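S.K.: I'll drop the sequence and a predicted model, then ask my questions.
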Amino acid sequence: MRHLALRTLLVPVLFGAGNGVGAACEEPIAYAVGEVDPRYDLSPQQFHSAIRDAVRVWEEAAGQELFVHRPGADFRIRLVYTGLQEATERIQELEETTDSLRKRIEKMEERLEAVREQFQQENRGFEDKVHDFQRDKRGYERRLRRLKAGGDPSPEELEALDARREELEKRRQALQDQRQRLKDLKTRVNRFAVQTNALVLRYNRQVREAKELVQPGRELHQGLYQRAGDQGEAITIRQFGSPARLRFVLAHELGHALGIGHVEAPGAVMYYRNESANPERPSLTDADRQALREACGERE
């Protein structure tokens with residue numbers, strides 16, 4: 001379930017007047033690193049490093065400089081903490097704790113099965129011993145009745161009878177002790193079952209919560225590119241789950257800054273759902289490269 005929410009996130013873009021499609025390739029677009037919310041635990045320098053990584057994705061494909069960092073530039077790239085990121089972090093927390101719970105449940109189920117099997121084996125042995133004891137006890141009682149009915153028994157017969165009685169008494173006591181052990185073992189079985197069920201219930205609650213956070217109608221928008229408006233030209237990153245995802249979303253939004261719209265190619269950087277990302281850095285697909293050539297006015 002790892003990063004479930006981060007694979008189905010729409011990345012919107014608002015277009016308007018700006019420094020234009022053609023200008024993006026004719027002259028580098030100047031940008032400044034804007035607000036970096038400290039709740040991300042990411043320094044402005046680290047954020048800028050991620051931006052440069054995303055910039056290189058497009059520049060290597062174009063074979064020219066497309067962006068230039070210029071402090072104070074009107075075009076700002078910023079990292080804003082919102083409820084969207086809180087939801088992402090909650091999903092990650094749920095994924096981690098749910099994985100841990102699943103492993104605990106597996107171990108608890110193994111222990112439960114082992115104790116249950118032990119109980120069943122010992123109980124079967126106990127029942128066999130009880131059956132043998134009851135049979136031998138009845139035999140002793142028949143013998144005792146015969147001796148009483150036959151008159152005065154001999155000393156040897158009395159001695160043998162006493163020995164048999166003592167043996168049966170020891171067996172009875174041993175069975176009583178074993179019964180108590182079985183009772184204690186059954187208590188352990190029940191306790192493990194209760195603990196396992198509690199973990200399963202907790203696991204299911206967390207799975208439901210994670211699903212609710214990513215259910216249709218509550219999709220989380222990672223980034224936003226604006227060319228015009230009250231805030232001016234800007235890229236606002238509002239949600240990411242890992243450094244690789246941050247670079248991927250930045251590359252997507254920088255593509256919009258170059259004038260590239262969404263492409264109908266799942267897996268592409270400019271696909272509207274941002275479904276996948278290289279573990280190290282984003283990689284452009286053929287669809288992305290074609291869109292870049294068209295944005296720069298170069299058509300095959």
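M.R.: Cool, got the structure.

S.K.: Contacts only, for residue 73.
M.R.: 30-32 (CB atoms under 8 Å, 6 or more residues apart in numbering). Glycine gets a C-beta too; all of them are placed from N, C-alpha and C.

S.K.: Apply 10 Å and report the result again.
M.R.: By CB atoms under 10 Å, 6 or more residues apart in numbering, residue 73 lies in contact with 29-34, 233.

S.K.: out of the residues you listed, who's nearest residue 294?
M.R.: The shortest approach to residue 294 among those belongs to residue 29, at 17.3 Å (CB to CB).

S.K.: Show me what that closest one is bridged to.
M.R.: residue 67 (DSSP bridges).

S.K.: Quick check: the gap between residue 171 and residue 127.
M.R.: Counting by CB to CB, to the nearest Å, the gap from residue 171 to residue 127 is 14 Å.

S.K.: Have a look at the two and say which one is more surrounded.
M.R.: More neighbours surround residue 171 than the other of residue 171 and residue 127, with 16 against 11 (other CB atoms under 10 Å).

S.K.: about what we covered before: I'd like the contacts of residue 73 as TSV, with neighbour count appended.
M.R.: Below are the contacts of residue 73 laid out as TSV (neighbours: other CB atoms under 10 Å):
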residue	neighbour count
29	22
30	15
31	24
32	16
33	17
34	18
233	21
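
S.K.: how about those in JSON lines, adding pLDDT?
M.R.: JSON lines is the format used below for those (pLDDT from 0 to 100):
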{"residue": "29", "pLDDT": "92"}
{"residue": "30", "pLDDT": "93"}
{"residue": "31", "pLDDT": "94"}
{"residue": "32", "pLDDT": "93"}
{"residue": "33", "pLDDT": "93"}
{"residue": "34", "pLDDT": "88"}
{"residue": "233", "pLDDT": "82"}
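
S.K.: What about these, which are in strands?
M.R.: In strands, defined here by DSSP state E, the members of these are 29-34.

S.K.: so what does the helix or strand residue 161 falls within touch, helix or strand wise?
M.R.: Counting by DSSP states H and E, the element that carries residue 161 is helix 155-213. Secondary-structure packing of helix 155-213 (3 or more CB pairs under 10 Å, 6 or more residues apart in numbering; DSSP states H and E): helix 83-149.

S.K.: pLDDT of the helix it packs on, averaged?
M.R.: For helix 83-149, mean pLDDT rounds to 85.

S.K.: Repeat that for stretch 194-202.
M.R.: Computed over stretch 194-202, the average pLDDT equals 88.

S.K.: contacting residues around it?
M.R.: 97-98, 101-102, 104-109, 111-113.

S.K.: which one of those sits closest to residue 256?
M.R.: residue 98 (34.6 Å).

S.K.: Which segments of this structure make up each domain?
M.R.: Under automatic domain parsing, the residue ranges defining each domain of the chain are 5-88+222-295, 99-213.

S.K.: quick revisit: tell me the angle the helix holding residue 161 makes with helix 83-149.
M.R.: Helix 155-213 runs at 170 degrees relative to helix 83-149, counting by axes from the mean of the first three to the mean of the last three CA atoms, to 10 degrees.

S.K.: mind checking the SS state of the closest residue to residue 39 other than its chain neighbours?
M.R.: Of all residues not flanking residue 39 in the chain, residue 81 sits nearest, at 4.4 Å (CB to CB, 6 or more residues apart in numbering). Using DSSP: H, G, I helix; E, B strand; the rest coil, the structure places residue 81 in coil.

S.K.: so residue 81 makes contact with residue 240?
M.R.: No. Applying CB atoms under 10 Å, one finds residue 81 not in contact with residue 240, separated by 11.0 Å.

S.K.: Next, count neighbours for residue 249.
M.R.: Residue 249 has 29 neighbours, counted by other CB under 10 Å.

S.K.: Could you do residue 187 as well?
M.R.: Neighbours of residue 187 (other CB under 10 Å): 11.

S.K.: Contacts only, for it.
M.R.: Residues in contact with residue 187, defined by CB under 10 Å, 6+ apart, are residue 119.

S.K.: so who does residue 159 touch?
M.R.: Residues near residue 159 by CB under 10 Å, 6+ apart: residue 153.

S.K.: and the gap between it and residue 147?
M.R.: According to CB to CB, residue 159 stands 12 Å off from residue 147.
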